[in-house]
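A.B. asks: Give me coordinates for this.
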Amino acid sequence: MKKLIFTLALALAFAGSGYSQVLSSSDSYSGGYSNEVHANFLTLIWFGSVEIGYERYLSDDHSLELKGFINDRFGFNSEGKGKKYKTNSIQASMNFYFGDNGKGRFFLFPLAKIRFGDFEEPSNGGKSTTDMTAFILGAGAGYKWELSKNFAFGPFINIGRNFNDDVADRFSAVELNGGFNLGYRF
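C.D. replies: Below you'll find the predicted structure:
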């Protein structure tokens, strides 16, 4: 599992650095910066789930975002009473920004996510395992405040359709997620 997480993190890093080389260094957006790294600190504190993202601004009004999830959860379900999530995910989205009041902006985004791993829970003296590997399509919305030249933060929420019958039987075919990102721009 550690090798898989390391490989995914390395792949995301190379993909982001390779893509950023395509645009010239003079291309800058969103307050003069074209890159942002951010973390969802709400799920980190609440669930112990790590969600780290990289956002590349393609213009003032849209950006491409890649996220990696370690210990990903289905919706807002928590562990406890013998339940254990052994899942990770990769998500890609295109953020479309609207309005600008000088302090922040709304954004909408379609997303595609791949989750892989298992969910375990006690069952009749043993363990029951659900294969959480799924392809998810969805959409979301959020708001981003630009605190200073380098820092931005804000809430987001998304809803997705899960295409795995095992997950739909155990949980639901529709999944709601959200959080609060804190990002650094460069």
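A.B. asks: from the chain's centre, how far out does the helix or strand containing residue 46 sit?
C.D. replies: In this assignment (DSSP states H and E), residue 46 forms part of helix 41-47. Mean-position distance between helix 41-47 and its chain equals 13 Å (C-alpha atoms, centre = their mean, to the nearest Å).
A.B. asks: Same check on stretch 53-62?
C.D. replies: That offset, for stretch 53-62, works out to 15 Å (C-alpha atoms, centre = their mean).
A.B. asks: Okay, buried residues for that stretch please.
C.D. replies: Using 16 or more other C-beta atoms under 10 Å as the test for burial, stretch 53-62 gives 53-57. All C-beta spots, glycine's among them, are computed from the backbone N, C-alpha and C.
A.B. asks: Format the residues you listed as TSV; extra columns: secondary structure, distance to residue 33 and pLDDT.
C.D. replies: Below are these laid out as TSV (DSSP: H, G, I helix; E, B strand; the rest coil; distance: C-beta to C-beta, whole Å; pLDDT from 0 to 100):
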residue	secondary structure	distance to residue 33	pLDDT
53	strand	15	98
54	strand	13	98
55	strand	10	97
56	strand	10	97
57	strand	7	94
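A.B. asks: Compute the number of surrounding residues for residue 128.
C.D. replies: 12 (other C-beta atoms under 10 Å).
A.B. asks: all helices for this protein, in order.
C.D. replies: Ranges of helices in the chain, per DSSP state H, are 2-22, 41-47, 165-170.
A.B. asks: looking at the ones you listed, which has the lowest confidence?
C.D. replies: Mean pLDDT is lowest for helix 2-22 among the helices of the chain, at a mean of 47.
A.B. asks: still on that earlier bit, dump the buried residues of stretch 53-62 to TSV, plus distance to residue 109.
C.D. replies: As requested, the buried residues of stretch 53-62 are arranged in TSV below (distance: C-beta to C-beta, whole Å):
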residue	distance to residue 109
53	11
54	14
55	10
56	14
57	13
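A.B. asks: Residue 39 - how many residues pack around it?
C.D. replies: Residue 39 has 18 nearby residues by other C-beta under 10 Å.
A.B. asks: measure it to residue 128 for me?
C.D. replies: According to C-beta to C-beta, to the nearest Å, residue 39 and residue 128 sit 32 Å apart.
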